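>>> Coordinates for the following, if possible.
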Amino acid sequence: MTKELKNKIIAVCNQKIAQKGTHVGLSFYAFFANKNDNPELLMEAATWWILTQKLDHFEKAVKIKELVQDL
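Down below sits the predicted model:
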């Protein structure tokens, strides 16, 4: 995982947890705008989420943050 994606995931998780609490769930789409302005980064996130980690569509932000920090 690139440092850019790792930093983006951690920042978004922190923001969502601060806004909605520790039970907030996310999909990998939460790390991107509604328009596909960085398809390579989106595919990197999707590959990590779906193929590498085999995560469900929605997962707790705290879980995602912990997985990424352990990389």
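>>> By residue count, which helix of the chain is the longest?
The residue-count maximum for a helix in the chain (DSSP state H) belongs to helix 3-20.
>>> which residues sit against that helix?
24, 26, 30-31, 41, 44-45, 48, 61-62, 64-65, 68-69, 71 (C-beta atoms under 8 Å, 6 or more residues apart in numbering). C-betas here are computed from N, CA, C, even on glycine.
>>> Could I get the average pLDDT for that helix?
Averaging pLDDT along helix 3-20 gives 96.
>>> same question, stretch 55-65
96.
>>> sorry, back to before: may I see the PyMOL selection of the buried members of the contacts of helix 3-20?
Buried members of the contacts of helix 3-20, defined by 16 or more other C-beta atoms under 10 Å, are picked up in PyMOL with:
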select buried, resi 24+26+30+31+44+45+48+61+62+64+65+68
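>>> Mind checking which of the contacts of helix 3-20 land in helices?
Using DSSP H, the contacts of helix 3-20 in helices are 41, 44-45, 61-62, 64-65, 68-69.
>>> Reformat the residues you listed as a markdown table; add distance to Met1.
As requested, the ones in helices among the contacts of helix 3-20 are arranged in a markdown table below (distance: C-beta to C-beta, whole Å):
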| residue | distance to Met1 |
| --- | --- |
| Leu41 | 10 |
| Glu44 | 7 |
| Ala45 | 9 |
| Ala61 | 17 |
| Val62 | 18 |
| Ile64 | 12 |
| Lys65 | 13 |
| Val68 | 7 |
| Gln69 | 11 |
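>>> residues contacting Gly25?
Gly25 touches 58-61, counting by C-beta under 8 Å, 6+ apart.
>>> Near the nearest residue to Glu44 once chain neighbours are set aside, how many other residues are there?
Closest residue in space to Glu44, ignoring its immediate chain neighbours: Leu5 at 5.6 Å, by C-beta to C-beta, 6 or more residues apart in numbering. Neighbour count for Leu5, taken as other C-beta atoms under 10 Å: 19.
>>> if I look at Asn14, how far off is Asn7?
11 Å (C-beta to C-beta, to the nearest Å).
>>> Find the residue closest to Ile64 in space, skipping its chain neighbours.
Nearest to Ile64 is Cys13, by C-beta to C-beta, 6+ apart, at 5.6 Å.
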